[in-house]
Every structure is written in C-alpha cells, then in structure tokens.
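Here you go, sequence then predicted model.
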Amino acid sequence: MKIRILGTAAGGGLPQWNCGCAGCATARRTGAARTQDCLAVSADGTAWYLVNASPDLRGQLLATPELAPAPGTRDTPLRGVLLTSAELDHTLGLLTLREAAELTVHATLPVRYALHSAFPAGPLLAPYTKAGWQTLAPGRAVELAGGLRAEPLALGGKLPRYAADLPGEGWEGRTDWVCGFRFSTADGRASAVYAPGLAAWTPELDRAVAGAGVVVLDGTFSTDDELAGHTGGARSSRGMGHLAVRDSLPHLARHPGPRYLYTHLNNTNPLAHPGSPGTEALARALAAAGAAVAEDGMLIEL
C-alpha cells in the first residue's frame, strides 16, 4: 500500500489568506506553507483514490508524480474520491475534477445529500463529466480498484455551516456526517487509518487502529482551549467537532505499534510552526507516544 499525503492544513491553509497572526506571518516569510487536508491512497501503486478533494487540489495533483497522466494521454491513475465529510475544505476540489472523463465519488448518505442540495457539487459536475455517486455505510467495507478495501468509520455528527438548514427530517443527530477510513490490501498484509475529523475517540476507532501500520489523525488543535486563547472567544476544540491532540495522545498509548501522524492542523496550532513557543513540550509528548506531524507530500509505503 502507498499513501501520499497531499495536504495537512485545516480549512484556510497555512498561511491563511486573511490572517496576519504570528504563525501565518512566519509562514509567508519563510515559505513554510501547508495546503488543505487531502490524501491519495493505492493498494497496488497503479490505481489511486483521493480521500477528500481540497480547494488546493490542482496544485496538489500537479505536485504528485503518481497521479500524473501518461505522456500523450488525458488518462490518469485516479480512480475515484472518498469523502470524510461535506465540509467545504474537503469538497470544493471536486469541481477541479470536472475535466475527468468520468468520476466516482464515495460518501455517506448525509454528505451526498448536502452535495446535491445546499452545496450542489453533484449537479454542477453533471454537465462536465460522467459522475457516479456511491453511498458509504459505516462498518460496511467497499472493494475498490487495485485490491484496495475501504471501511468507513462514523466519527461525528457535525454538519457544515452551509447545511445547517437542510430541508427534511433526520439529518441532525446522525453520526456519519464525519467519517474516517480503515484501508487495507486484499491480502490483508497492510492497513492504515485516516481520520482527519474526530469529535471523540470511539470504540469503532479503537477497533480500526488495532493492527494498523499507520494512523493519520485529527490534529486541528493542540489543546481544547487553543482557539479561544487566540481569539478571545469561547469556542472549544470539542465544540467544533475536533478532539485536541493533547486529548487524543493518551489513547495512542493503549495501541502501541502503529506509526501515528497528525494532520488537518489549524493555523493557530503550534505544531504547524516548528520552533514556535509551546512547540518543544508538545513535540516531546508526541515523540513519547510514537507520533509525529504529517507533512505535505509525505509518501508512506506499507
């Protein structure tokens, strides 16, 4: 199995275009940028699937040699997209893929509904490409090209802001608005977990992590009160649907063995700014737990 981490930042990226905080200013000055969360995975190194489609997708695809078209063709190794949520930072890039001859998008039922109503990515794509939409159900694995198996994990009920007033009953309270994936090869020799959005550590995640070679986790905020400390507001990490790094680290100790990486870092997170105040102690805590910060362009082979 091969995994190419295309982007590691939360919505807005790093630096964020309208943010003049110390971290964003440093990123502008040093060029230490991060693009928005996205990943590519393949079981055989030939058939590739995107996990999320970020607003930065075009640049991410151009920077990934495995996803380049063969010379003289318009065919690429990209076989489809799997979505972990309906958030804009995970779905806006779908429109970038409109030139594809055909496109298969896998998403849970509420995410599909949002992308055909409040944010009509499905209807927008239809005139440009042959788009097929497949519904994912948590706990029910799907078999993909190249021997890749993907099992969705229900991780949270946070609706995107644009979907807060969706018509119809039953959309609020569902736990599959946000999901992760456990990927494995057909022979079962390699497996990985991807969960860039994580409201709480669940028994499902416990089961998925066990025996995995690599686990890529939600690293949006370092602590539950990180954003409140920067903005003076009252929004906590948990209140925004993200388990803080400090709160997920104890769970890693219960599952030693996998390589743990944190992704989806907010621009306020000191882990996104090596050498910044507060980074050293947190970096030591990560190292003690066998964890590190994912980097844009990182290639993982299992």
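Arrived safely, thanks for sending.

Go ahead and confirm T202 touches L155.
Yes. With contact defined as CB atoms under 8 Å, T202 counts as touching L155 (6.7 Å). For the C-beta atoms, the positions are set from N, CA and C on the backbone; glycine is no exception.

Which one of those two is surrounded by more residues?
Neighbours were tallied for T202 and for L155 using other CB atoms under 10 Å; the higher tally belongs to L155 (29 against 18).

Which helix or strand in the protein has the lowest average pLDDT?
With mean pLDDT, DSSP states H and E as the measure, the helix or strand of the chain carrying the lowest mean pLDDT is helix 226-231 (a mean of 66).

right, and the helix or strand after that helix?
Going down the chain from helix 226-231, the next helix or strand is helix 245-253, by DSSP states H and E.

Which elements pack onto the helix or strand following that following helix?
Towards the C-terminus, the helix or strand next in line after helix 245-253, according to DSSP H and E, is strand 259-263. Helices and strands touching strand 259-263, as assessed by 3 or more CB pairs under 8 Å, 6 or more residues apart in numbering; DSSP states H and E, comprise strand 214-218, strand 291-293.

Contacts for strand 259-263, please.
Strand 259-263 is touched from outside by 5, 8, 37, 39, 196, 213-219, 245, 252, 271, 286, 289-294, 298, 300, with contacts defined as CB atoms under 8 Å, 6 or more residues apart in numbering.

again with stretch 9-21
Applying CB under 8 Å, 6+ apart, the set of residues contacting stretch 9-21 is 7, 23-25, 27-28, 32-37, 55-56, 87-89, 220, 230, 264-268, 272.

ok, which stretches of the stretch 1-150 of the chain are helices?
Remark: helices of the stretch 1-150 of the chain, listed N- to C-terminal, are 22-30, 57-62, 88-91, 109-114, 121-125; assignment by DSSP state H, counting those that start in this stretch.

average pLDDT for the fourth one?
Model confidence over helix 109-114 averages 96 on the pLDDT scale.

ok, and for that helix, which residues are buried?
Taking 16 or more other CB atoms under 10 Å as the neighbour-count basis, helix 109-114 is seen to contain the buried residues 110-114.

do stretch 117-127 as well
Judged by neighbour count (16+ other CB under 10 Å), stretch 117-127 contains these buried residues: 118-119, 121-122, 125.

Could I get the average pLDDT for it?
Mean per-residue pLDDT for stretch 117-127: 97.

Could you number the chain from 58 rather than 1 from now on?
All set: I'll call the first residue 58, so the last point we hit is now stretch 174-184.

Please save the CA atoms from it in CSV.
Below are the C-alpha coordinates for stretch 174-184, written out as CSV (Å, rounded to 0.1, in the frame of the first residue of the first chain):
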residue,chain,number,x,y,z
SER,A,174,-28.7,20.4,-2.3
ALA,A,175,-27.1,23.0,-0.1
PHE,A,176,-23.8,22.8,-1.9
PRO,A,177,-24.8,21.3,-5.3
ALA,A,178,-21.5,19.9,-6.3
GLY,A,179,-23.2,16.9,-7.9
PRO,A,180,-25.5,18.9,-10.2
LEU,A,181,-22.6,21.3,-11.0
LEU,A,182,-20.4,18.4,-12.1
ALA,A,183,-23.0,16.6,-14.2
PRO,A,184,-22.7,18.8,-17.4
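
show me the contacts for the residue nearest to E283 when sequence neighbours are not counted.
Taking CB to CB, 6 or more residues apart in numbering as the measure, E283 lies nearest to T325, with 5.7 Å between them; neighbours along the chain are not counted. Applying CB under 8 Å, 6+ apart to T325 gives the contacts 78, 80, 278, 283-284, 287.

Since that was my last question, I'll sign off now.
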